[in-house]
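>>> Build me a model:
(one chain, ligands or ions: 1)
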Amino acid sequence: MEDLDPGYTQACSERTIQSDSQGFFAEFYNEVLKSCSDKWLKTHFKNMKSDSERIMSLFNDPEVCGPVIGILEHVQPVFKEKDAAFSSQRRIQGEKFLLMEDNKKALMMLNHAVVRAPPKGIDKQIDCGFSLAMAYWIRSAILLTEKDGIHALQDIKLAAKNGFNIKENPEYYWRMTKAYALMGEHAKAKISMGILEKLLEGEKHKIEKFRQELSGIVPNVKEKTVCQAHALAGGENPNIESASNLLEVVESGEKGKYMAAKDNVNAGDVVLMEEPVVACLLPKLFGSNCLHCFTRLEIPVCCPSCSGVAFCSDECMTAAWNSYHKYECTFSDLLVGSGMSILCFLALRTFTQSSSVDEGLATANGLISKLCAHKDLRTPQDYLQRTLMSAFLLRCLQKCGYFGRRTTESADPIGKELEVAVSLLGLLQVLQFNAHEVHQIVISGDHKFDNAKTVYVGAAIYKTGSYFNHDCCPGVARLFVGKKLVLVCTRPVKAGDPVSENYGPIVTKMTLKERLRILRSRYWFKCSCDACRENWPVLQKIDRNVRFRCPTPSCNGILKFPKDIGKDVRCNVCRKNVSLKESISSIIKCEEIYRKAGAFMNDQKTEEAINAFKEGISLFYEVAVLPHKDTLIAQESLRKCYSDTGTTFRI
Ligand SMILES: C[S@@+](CC[C@H](N)C(=O)[O-])C[C@H]1O[C@@H](n2cnc3c(N)ncnc32)[C@H](O)[C@@H]1O
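From the prediction side, this is the model:
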């Protein structure tokens, strides 16, 4: 397979290791590259047979071990630490804004105060060690004035959890009462009010005042965007986790393993619903999205140890802390500063999120054994870079206590550490071709389709999702419900045909040459989908002529639009004279249905639009074949409609 642009291929590959060229990993790599001879790299290192040999060479081979060990020994925690003085100052500023009734600014200040505050008792010089509890407590007051009961309640509870004294504290129960009342949880509001009244026993005047205020609270229940329920077409496949029973995995020498239709699949069929094995938020979103569930942050909950990340809830914080974040926390700025790609974060997370080293190894090796890595096509430079990154990640794991107390401070792998380094190297190879970008739909205007933007928030690896090959004219739409990947067919697929995703290069927007170059350089294969083999034009250049299927049953003939609609045409495959009248009237009908579907989209009626597009597209495929401009537009519109059934945010 000819590489159309080796320089670009190398650049693409390097970016899957180091995405930020400013990061220090580039220097590390260059330093090691300088220390070894060209001959060593291109003969000795190139001929190494296993990843284990490659890893060990970094620690033992005199050509490289000096700079490798020298640099790895400097690995130490770098992270945004807590700052009680800063937190306290922001809280006081926030209180001032609250008094001035500028809740927006007050909330902004308190969000800073929460994220920067150390946990109870860490800095007793400031706020007597209660900066965090105080920040949550003041923020709950702002949230109550903003009528946000849900977040206010969370803050009240977090204030208590972080040391705020609630015993015999009427204000605590009064805030709980108000928060529940705002949430429309009247029974719970009544219980809190009951406790408050008990605490205020005898103070009739006060109780009466609270009762009056409570009776004036109108519940403010925000309508939550609920993602539509998706269900696998034909039920779950007993042999392929998370996939529809209509699919099967097939294998061919040239295409590897891929998903194909076991039975006919229809437009609208959900073929995959899968939670990721590992998922990571993009580092640039650490301050704006929840580290754990990727949701956009409104009211951040802080990490107990660093100020570099935030969470949407106490549940997400606890889940992250109890698995991966306790290891990654104090190294997060070092990892980001290295410039390493999101794929490297995924490789590291595969281990940090697992409950034991053995579990991490089992997960990693399970992925490595099933997914393609294109080992034979790798250059020694590529291997060296990945091997160095694995050694760096291993060093971070050693230093963050992932292996427990080590008997040595040295960077050389001991015990299970070598196995982990080898698996990290394996992961860095398979992730290059198998990871998915995770996105959300952000709507920044009144119209949910016209004002929708796809925003990439992270990356993830899906066990079954990795088996979908690429097609320049894809048969499925990809959407995310949180981190769950959902694939829905946007056209019918006949039993035996591949059910494919699109890796980026799409026939409607890119020429054949551009697509082939990108696919070869990023995914290391030569595409031979219908659009590539037949060299379809880009959308703007497609003429209006329809290519029909021969109406003779079981004939695969393709017929051009007849010059005279009234006359029969001859099919070169079945050699019969056939009439295309019915096919033409189907296409006219189909175009009418597309127009109706488009009108539903204009009116923001997602479900009606989906049903109409499904009907039109199915009708088209009964009588004709692509490329057809209106059908390609319809498929793209159907994809947009399905995106609207996943995670969307209005801003
Ligand atoms: C996500 S994996 C898909 C599963 C893969 N076929 C396997 O055997 O594991 C991506 C890799 O599959 C191969 N691939 C994907 N689409 C292809 C296609 N249309 N033709 C040939 N190979 C393809 C390429 O090698 C690519 O790097």
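
>>> Can you name the residues in contact with the helix or strand hosting Tyr173?
Assigning secondary structure by DSSP states H and E places Tyr173 in helix 170-183. By CB atoms under 8 Å, 6 or more residues apart in numbering, the list of residues contacting helix 170-183 from outside reads 140-141, 144, 147-150, 152-153, 156, 160, 164, 166, 186, 188-189, 192-193, 195-196, 199-200, 210, 214, 217, 219-221. Just so you know, the C-beta spots here come from the backbone N, C-alpha and C atoms, and that holds for glycine as well.

>>> Name the residues of whichever helix or strand comes after it that come out as buried.
Sequence order places helix 186-199 as the next helix or strand after helix 170-183, per DSSP H and E. For helix 186-199, the neighbour count (16 or more other CB atoms under 10 Å) marks Lys188, Ala189, Ser192, Met193, Leu196, Glu197, Leu199 as buried.

>>> And the pLDDT for the second one?
To tie it back to what came earlier, the one meant is Ala189. pLDDT recorded at Ala189 is 97.

>>> surely it meets Ser215?
No. If you go by CB atoms under 8 Å, Ala189 and Ser215 don't touch, sitting 11.0 Å apart.

>>> quick one: the closest residue to the ligand within the stretch 151-300 of the chain and Leu377, what's the gap?
Using CB to the nearest ligand atom, the single residue of the stretch 151-300 of the chain nearest to the ligand is Gly256, 2.5 Å away. Per CB to CB, to the nearest Å, Gly256 is found 13 Å from Leu377.

>>> Would you mind naming what in the chain lies close to the ligand?
254-258, 371-372, 433-434, 466-467, 469-470, 523-525, 527, 529 (CB under 6 Å from any ligand atom).

>>> Name the surrounding residues that touch the helix or strand harbouring Ser618.
Take DSSP H and E as the rule and Ser618 turns out to sit in helix 606-623. With contacts defined as CB under 8 Å, 6+ apart, helix 606-623 is touched by 266-268, 448, 490-492, 548-549, 551, 582-583, 586-587, 589-591, 593-594, 596-598, 600-601, 628, 631, 634-635, 637-638, 641-642, 644-645.

>>> now do stretch 284-293
281, 294-297, 303, 308-313, 316-317, 319-320, 325, 332, 457-458, 482-483.

>>> Next: stretch 299-308.
Against stretch 299-308 from outside (CB under 8 Å, 6+ apart): 79-83, 107, 111, 114-117, 119, 132, 139, 143, 148, 151, 154-155, 158, 286, 291, 309-314, 316-317, 320-321, 325-326, 329-330, 332-333.

>>> Now, of those residues, which are buried?
Buried among the contacts of stretch 299-308 by 16+ other CB under 10 Å: 79-80, 82-83, 107, 111, 114-117, 119, 132, 139, 143, 148, 151, 154-155, 158, 286, 291, 309-313, 316-317, 320-321, 325-326, 329-330, 332-333.

>>> Of those, which belong to helices?
Here DSSP state H is the test, and those give 107, 111, 114-116, 132, 139, 143, 151, 154-155, 158, 316-317, 320, 326, 332-333 as lying in helices.

>>> Three-state assignment for the most centrally placed residue in the chain, please.
Centroid-nearest residue in the chain: Val438, 2.4 Å away (criterion: CA atoms, centre = their mean). Of the three states, Val438 takes strand according to DSSP: H, G, I helix; E, B strand; the rest coil.

>>> any idea how far it is from Phe24?
To Phe24, Val438 is 27 Å away according to CB to CB.

>>> rewinding a little: go through the helix holding Tyr173 and flag the buried ones.
In helix 170-183, counting by 16+ other CB under 10 Å, buried: 170, 172-183.

>>> How much space separates the residue nearest to Ser131 when sequence neighbours are not counted from Trp321?
Counting by CB to CB, 6 or more residues apart in numbering, Ser131 lies nearest to Ala117, which is 4.1 Å off, once chain neighbours are set aside. For Ala117, the distance to Trp321 equals 16 Å [CB to CB].

>>> what about this structure, any weak spots by pLDDT?
Applying pLDDT under 70 to the chain flags residues 1, 225-226.

>>> what's the angle between the helix ranked longest in it and helix 606-623?
In the chain, assigned by DSSP H, the helix with the most residues is helix 581-602. If you take axes from the mean of the first three to the mean of the last three CA atoms, to 10 degrees, helix 581-602 sits at 160 degrees to helix 606-623.

>>> Might you calculate how far stretch 59-77 sits from the centre of the chain?
In terms of CA atoms, centre = their mean, to the nearest Å, the centre of stretch 59-77 is found 34 Å from the chain centre.

>>> That stretch: end-to-end distance?
22 Å (CA to CA, to the nearest Å).

>>> Assign the residue of the chain most remote from its centre to helix, strand or coil.
No residue in the chain sits farther from the centre than Gly202, which is 56.3 Å out by CA atoms, centre = their mean. Of the three states, Gly202 takes coil under three-state DSSP.

>>> count of neighbours near the residue in the stretch 451-600 of the chain that the ligand sits nearest to?
Residue nearest to the ligand within the stretch 451-600 of the chain: Asn469 (3.3 Å; CB to the nearest ligand atom). Neighbours of Asn469 under the rule other CB atoms under 10 Å: 20.

>>> Can you give me every residue that contacts it?
Counting by CB under 8 Å, 6+ apart, Asn469 touches Lys255, Gly256, Tyr258, Met259, Pro498, Ser500, Glu501.

>>> Shouldn't the third one be within a strand?
Yes. The secondary structure assignment for Tyr258 places it in a strand, going by three-state DSSP.

>>> ok, it touching His470?
No. With contact defined as CB under 8 Å, Tyr258 does not reach His470; the gap is 9.2 Å.

>>> what bridges to Val625?
On the basis of DSSP bridges, Val625 is bridged to Arg547.

>>> got a markdown table for the contacts of Asn469, with neighbour count too?
Putting the contacts of Asn469 into a markdown table (neighbours: other CB atoms under 10 Å) gives the following:
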| residue | neighbour count |
| --- | --- |
| Lys255 | 16 |
| Gly256 | 15 |
| Tyr258 | 17 |
| Met259 | 28 |
| Pro498 | 18 |
| Ser500 | 21 |
| Glu501 | 19 |
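
>>> Tell me the one of the residues you listed nearest Val420?
Set against Val420, the nearest of those by CB to CB is Gly256 (27.1 Å).

>>> which non-adjacent residue is nearest that closest one?
Leaving out its chain neighbours, the residue that sits closest to Gly256 by CB to CB, 6+ apart is Cys372, at 5.4 Å.

>>> could you check the distance from that neighbour over to Tyr467?
Distance from Cys372 to Tyr467, counting by CB to CB: 10 Å.

>>> Overlap in contacts, these two.
Residues touching both Cys372 and Tyr467 (CB under 8 Å, 6+ apart) are Lys257.

>>> Looking at those two, which is more packed in?
Per other CB under 10 Å, whichever of Cys372 and Tyr467 has more neighbours is Tyr467, with 25 against 17.
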